[in-house]
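Asker: Provided below for reference: sequence and predicted model.
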Amino acid sequence: MTSFAGASRQTFAALANPNYRRFFNGQAISQIGTWMQTVAQAWLVLQLTGSATALGLVVALQTLPVLLLGPYGGLVADRVDKRRLMMALQASMGVLALALGVLTVTDQVRLWQVYLLAVLLGLNTCFENPARQAFVLEMVGPADVRNAVSLNSVLVNVARAVGPALAGVIIATGGLGVCFLLNALSFVAVVVSLATLDTSTLRPAPPASRTPGQLREGFRYVRRTPALAVPLAMMALIGCLTYEFQVILPVVAKQTFGGGPQVYGFMTAAMGFGAVLGGLWVAARGRVGIRSLVNSAAVFGILIAAAAAAPTLPLELLALTLVGAASVGFLAKGNSTLQLAAEPGMRGRVMALWAVAFLGSTPIGGPIAGAVSEQFGGRAGLALSAAACLLAAGLGALVLRRLDPAAAGSGQPGVAEQVADPEQPEQVGQPEQPERPERPERPERRADVPVTPVRRDRAA
């Protein structure tokens, strides 16, 4: 019983922070609304066009601003008060959801309007996402950031389980527009939670000065830091072709299993349920690093391949549950590795690049996944997703072997895998120097093999 209580405290440690707890509660309401809108919007586009390619285009338009402006959004997050920025942007997203809801309820919605609102939502996201990601560390501090980010992933995926299931019921009884209206209302909870935080206990990073070349500086910083560059490269590939489930799963539901929005909702909910279990597992564990990320990508790809081959709907739902668990594991490890490896003054820009890799790649991958699913079926879309994961895992393993051959062969932590150490926050983002040889005859470390610090925990 004592060990269970201790494990529970470790799993939910960040919720002991009053600010994070308030933020978490506001996000819980909003995330459910967001997933309701995601399901409703996908079904609205299919109703208007009957085209999976059009659905992929809507998703691409929603994420195109992240691709084009994401790094600048991260720079803005490094310069300004993140809490105030989030309040303004969350309120704006609520207005956009309200507009789509009114258009749909009044039967005046047209495809071009959905496209326009998707672009405007993407503009908000490219500034809000890096600010929100970096703000977590300002609330809880380095010791609890892995736990907090993992719990954020649990929250998103609880919402993924609850929101689509609610959306299926609401669409069947009240129509698509009601989902959009409820999502608009949910943003009130986020704004209120942010407005009522105790600002005296926050740990804001020093604002970045307004000097020329700061975007280039961010790119150079990532390029010379393997603990940042490798996870970002892996996410760029996986984000482009794997995280296109909102394009692929409606086609799987409709064409492969002959279902409607309820079946799509159940599929999304199954992934969310699995992600909750995976997120709770990650929240209680403390390893980060490239090796762990490579392993997660490989497992993720194998499970998506199993979902692509599932012959019946019950087996498909089971496979998608496992896919959800693997998905949040990969996201948690990648996100928290970056958060803890980045210097405070660079964190907004680094997390903006994470958003570019995760969301901004969708304008490329979304139409590809939609076209493949439309031409060859939803199973082919899932197979493409699996192949991207396995390729990213393979490339990550090759880079890992080059960066840290000793750790790769011995199983010792290094660049390959790092263990959380909450007692040494000063190590975060500060690269170690190569050891000097103690004897002249001992060969020096190769200058082109970067050395990275021992980091702490990770989160999703």
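Answerer: Noted; the coordinates are in hand.
Asker: can you list the weak-confidence ranges in this protein?
Answerer: For the chain, the stretches flagged by pLDDT under 70 are 1-10, 157, 160-161, 208-212, 214, 283-288, 359-360, 404-460.
Asker: Okay, strands next: where are they in it?
Answerer: Here the chain has its strands, by DSSP state E, at 287-288, 418-419.
Asker: Show me what stretch 92-107 is in contact with.
Answerer: Residues from elsewhere that reach stretch 92-107 (CB atoms under 8 Å, 6 or more residues apart in numbering): 33, 37, 41, 44, 109, 113-114, 117, 120-121, 124-125, 128, 175-181, 183-188, 191. Where C-beta positions appear, they are placed from N, C-alpha and C, glycine not excepted.
Asker: Mark which of the residues you listed are buried, thanks.
Answerer: 33, 37, 41, 44, 109, 114, 117, 120-121, 124-125, 128, 176-181, 183-184, 186-188, 191 (16 or more other CB atoms under 10 Å).
Asker: residue contacts, the nearest residue to Glu374 once chain neighbours are set aside?
Answerer: Closest residue to Glu374 apart from its sequence neighbours, by CB to CB, 6 or more residues apart in numbering: Ala52 at 4.1 Å. By CB under 8 Å, 6+ apart, the contact list for Ala52 reads 46, 247, 250-251, 370-371, 373-374.
Asker: The closest residue to Phe330 other than its chain neighbours: what's it in contact with?
Answerer: If the residues on either side of it in the chain are set aside, Phe330 comes closest to Ser296, at 4.2 Å by CB to CB, 6+ apart. Neighbour list for Ser296: 326, 329-330, 333 [criterion: CB under 8 Å, 6+ apart].
Asker: Against Ile302, how distant is Ser296?
Answerer: The gap separating Ser296 from Ile302 is 11 Å, by CB to CB, to the nearest Å.
Asker: Val276 now?
Answerer: Val276 sits 21 Å away from Ile302, going by CB to CB.
Asker: Of the two, which one has the most company?
Answerer: Legend: neighbour count by other CB atoms under 10 Å for Val276 and Ile302, higher for Val276 (24 against 16).
Asker: That one reaches Val158, doesn't it?
Answerer: Yes - Val276 is in contact with Val158 according to CB atoms under 8 Å; the separation is 5.3 Å.
Asker: what's the spacing between stretch 336-344 and its chain's center?
Answerer: Offset of stretch 336-344 from its chain centre (CA atoms, centre = their mean, to the nearest Å): 15 Å.
Asker: export that stretch as CSV, just CAs?
Answerer: Extracted C-alpha coordinates of stretch 336-344, given in CSV (Å, rounded to 0.1, in the frame of the first residue of the first chain):
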residue,chain,number,x,y,z
SER,A,336,11.1,16.5,-22.6
THR,A,337,14.5,15.7,-24.0
LEU,A,338,14.3,19.1,-25.9
GLN,A,339,13.0,21.0,-22.9
LEU,A,340,15.8,19.8,-20.6
ALA,A,341,18.5,20.1,-23.2
ALA,A,342,17.7,23.6,-24.3
GLU,A,343,19.1,26.7,-22.6
PRO,A,344,16.4,28.9,-21.0
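Asker: Which residues belonging to it are considered buried?
Answerer: 336-342, 344.
Asker: again with stretch 318-327
Answerer: Judged by neighbour count (16+ other CB under 10 Å), stretch 318-327 contains these buried residues: 318-327.
Asker: Next: stretch 39-52.
Answerer: Result for stretch 39-52 [16+ other CB under 10 Å]: buried residues 39-46, 52.
Asker: And the helices in the stretch 301-450 of the chain?
Answerer: Along the stretch 301-450 of the chain, the segments classed as helices by DSSP state H, counting those that start in this stretch run 313-341, 347-355, 362-376, 378-403, 405-410.
Asker: Pipe the ones you listed into TSV and attach distance to Ala229 per row.
Answerer: TSV is the format used below for the helices of the stretch 301-450 of the chain (distance: least, CB to CB, whole Å):
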stretch	distance to Ala229
helix 313-341	10
helix 347-355	10
helix 362-376	20
helix 378-403	9
helix 405-410	17
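Asker: okay, those helices, which one's buried deepest?
Answerer: Mean neighbour count (mean count of other CB atoms under 10 Å) peaks for helix 347-355 among these, with a mean of 28.
Asker: can you give me the offset of that one from its chain's centre?
Answerer: Using CA atoms, centre = their mean, the offset of helix 347-355 from its chain centre is 12 Å.
Asker: what do you get for stretch 389-403?
Answerer: Distance, stretch centre to chain centre, for stretch 389-403: 20 Å (CA atoms, centre = their mean).
Asker: Quick check: the residue nearest the centre of the chain vs Asp198, distance?
Answerer: Residue closest to the mean C-alpha point of the chain, counted by CA atoms, centre = their mean, is Leu331 at 5.7 Å. When distance is defined by CB to CB, Leu331 is 29 Å away from Asp198.
Asker: Ala54: what's it in contact with?
Answerer: Ala54 is in contact with 45, 48, 111, 370, counting by CB under 8 Å, 6+ apart.
Asker: Now distance to Leu61 too, for these, in CSV please.
Answerer: Formatted as CSV, the contacts of Ala54 follow (distance: CB to CB, whole Å):
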residue, distance to Leu61
Val45, 11
Leu48, 14
Leu111, 11
Gly370, 12
